[in-house]
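Visitor: Structure for the following, please:
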Amino acid sequence: MKKKSIISLILGACVLLSLPSCFNLDEEVYGTIPADNFGKNEGEINAIIGPVYNTLKKYYNNFQYVSDLGGEMSIVPTRRGGDWWDGGRYREMHFQNWTNVTGVLVSGWNAATQSVSSCNLVYETINNSESLTPEAKASALAEIRGVRAFWIYALCEYWGNVPLVVDFKDTDLPTNKPRQEVYNWLVKELNEIKDLCRSDVSAASYGKFTKGAAYTLLAKIYLNAEAWGVDSGKWQQAADACDVVMGLDYVLEPNWKTNFQVHNESSKEAILAACYSAQDTQDRHQMHYRTLHYKDNIALGGTWSSWNGTCALPDYVKRFDTEDPRYHGSFLLGEMIDPATGQVLITAHDRPLIHTVDVTIIPGTERDGTVWGDVQQEDGGRCNKWDYDKATLNAMENDFHIFRLADVYLMKAEALVRMGKDLGEATRLVNAVRERGYGHSGKNYDSVDLEKIQLERKFEFAWECHAHQDDIRFGTFWDARWLKESTKGKDYLAIYPVPLAAWQTNQNLKQNPGYPSF
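Guide: Below is the predicted model of the structure:
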């Protein structure tokens, strides 16, 4: 049985299922986590903190769409017959003409705000506990603050100007704080806790918010400060934070796929992980459902029934060198063979099930006077990054590594290039990631620049929620791709609109610049 340090939600389950987000603070919470006489050992402390770590499972489930559909990584095309049209929400994401009711963004906002509220509740519970030793309490509170900071960072990244609520007892309906203020709070908060968190890289620390996670998050905030419009380039601070992480016991796994295997909790590259289980009944890892064709399970030896949804943006896939093992390690392409017959599987439309890089609109299916129309069931490269366990049913066992050491290598390399210093070290760091990906040094660079670093990030992090942030930082977020026309000149698109539903609950909220006011 898989052993992890994170204990699943075993206390206050009914509370957390009905928690209000921090933007509807006047709702009654029916129950509390009974910690007055609980938390006298590590197992009990983990049980109390468990709900905080369970929130991380919401990140991949929601933000793979929020990030990768808005940037250049993936699409959810409308399939022949109308599957995945869903009122045009995925077209809105690709065209970047999202609104305050776009479903993908509403779900992401709700996941993040509810998670902040969950962290606030558990923080309040532990902070008021008299059964914990001072050392245990300080460590537990630092972990909770770290996860909460991660969620506030996500809100700051995608929505910019957001409410900043960090006190569960504060029931006043908040207004938006300027992005600058949220950034300042994040930097201060992380600097306060970064050396309070445990620093070991072990089975016991896996899945927890550690010193490595704190410094990685701080590096990301510094690296994006200029793109966020809140500070000048904090490249040296980003590089310094990366150095701390690289000085810990993380390793770049020799085999890239170790990070994505079914039992990937063994990876020493993982810095912050969302821990999933095949037994999960909510907030499940279901990429096998989202991306695979209805009959792909036959070729892969599984018994699940998939939904035939998301696939890779053709422009993205075509950037890869097909000799790079990460090409087929990221995308499921080509003929899907029925092992019983040795023949290519046939779709419901009597077409061979061959996943192509290109995604082609069927003439005559265009919708609403746009170029968006239906595509064949089999079109598009599917996610092939996390190994598919043949025994999988409703939930995948593979964890999602929110932060990996490869990211830290490439962040430091980028910071060095942006400062114009130590390009040799920047090249060494990029080549370490690239050589691990290829399995040999034959494709190493003689030197690197920002374009090569951006490309290496694409090769390394397909499907991992990096597209939105990376594309904005490198200035390519607004470029034309697939069916999307250029949106250059519309800088406001870098942050999403506050959802209408959030404003209807809390009319102190203000809409972000560039979007129609409430």
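
Visitor: confidence score at residue 15?
Guide: pLDDT for residue 15: 37.

Visitor: ditto for residue 24
Guide: Looking at residue 24, its pLDDT reads 36.

Visitor: likewise residue 381?
Guide: 98.

Visitor: do the same with residue 470
Guide: 98.

Visitor: now do the one 3 residues further on
Guide: Residue 473 carries a pLDDT value of 98.

Visitor: What about it, how many residues nearby?
Guide: 20 (other CB atoms under 10 Å). (Glycine included, C-beta is placed from N, CA and C.)

Visitor: now it: how far from residue 229?
Guide: 12 Å (CB to CB, to the nearest Å).

Visitor: quick one: contacts for the residue nearest to residue 231 when sequence neighbours are not counted?
Guide: Leaving aside its chain neighbours, residue 231 sits nearest to residue 225 (3.9 Å; criterion: CB to CB, 6 or more residues apart in numbering). By CB atoms under 8 Å, 6 or more residues apart in numbering, the contact set of residue 225 is 183, 231-234.

Visitor: Same check on residue 252?
Guide: So residue 252 contacts 269, 405-406, 409, 432-433, 436 (CB under 8 Å, 6+ apart).

Visitor: on that earlier part again, out of the contacts of residue 225, which are inside strands?
Guide: Using DSSP state E, the subset of the contacts of residue 225 located in strands is empty.

Visitor: Relative to residue 318, which of these is nearest.
Guide: Set against residue 318, the nearest of the contacts of residue 225 by CB to CB is residue 233 (30.8 Å).

Visitor: Wait, the closest one touches residue 239, no?
Guide: No: counting by CB atoms under 8 Å, residue 233 sits too far from residue 239 to count as a contact (11.1 Å).

Visitor: So for those two, which sits in the more crowded spot?
Guide: Taking other CB under 10 Å, residue 233 and residue 239 do not tie; residue 239 has more neighbours (24 against 16).

Visitor: Against residue 188, how distant is that one?
Guide: Distance from residue 239 to residue 188, by CB to CB: 20 Å.

Visitor: try residue 167
Guide: According to CB to CB, residue 167 and residue 188 sit 16 Å apart.

Visitor: re earlier: make a ChimeraX selection of the buried ones in the contacts of residue 252.
Guide: ChimeraX command restricting those to the buried ones, with burial defined by 16 or more other CB atoms under 10 Å:
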select :269,405,406,409,432,433,436
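
Visitor: Show me where the stretch 401-518 of the chain dips below the pLDDT cut-off.
Guide: For the stretch 401-518 of the chain, applying pLDDT under 70 flags no range at all.

Visitor: residue ranges for the helices of it, please.
Guide: 405-419, 423-438, 450-461, 467-473, 500-505 (DSSP state H, counting those that start in this stretch).

Visitor: Just the buried residues of the fourth one, please?
Guide: Of the residues in helix 467-473, those buried by neighbour count under the rule 16+ other CB under 10 Å are 467-473.

Visitor: quick check, distance from that helix to the centre of its chain.
Guide: 13 Å (CA atoms, centre = their mean, to the nearest Å).

Visitor: Just the C-alpha atoms of it, please, in PDB.
Guide: What follows is helix 467-473, C-alpha atoms only, in PDB (Å, rounded to 0.1, in the frame of the first residue of the first chain):
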ATOM      1  CA  ALA A 467       1.500  28.000 -19.800                       C
ATOM      2  CA  HIS A 468      -0.300  31.100 -18.500                       C
ATOM      3  CA  GLN A 469       2.500  32.400 -16.400                       C
ATOM      4  CA  ASP A 470       5.400  31.500 -18.700                       C
ATOM      5  CA  ASP A 471       3.700  32.900 -21.800                       C
ATOM      6  CA  ILE A 472       3.000  36.200 -20.100                       C
ATOM      7  CA  ARG A 473       6.500  36.500 -18.700                       C
END
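
Visitor: packing partners for it?
Guide: Here helix 467-473 touches helix 57-68, helix 134-159, helix 211-228, helix 450-461, going by 3 or more CB pairs under 8 Å, 6 or more residues apart in numbering; DSSP states H and E.

Visitor: go again using 6 Å as the cut-off
Guide: helix 57-68, helix 211-228 (3 or more CB pairs under 6 Å, 6 or more residues apart in numbering; DSSP states H and E).

Visitor: Now the residue sitting nearest the centre point of the chain. Its backbone dihedrals?
Guide: Geometric centre of the chain, nearest residue: residue 465, 3.9 Å, by CA atoms, centre = their mean. Residue 465 adopts backbone torsions of phi 70, psi 40, taken as degrees, to the nearest 10.

Visitor: Nothing else from me, thank you.
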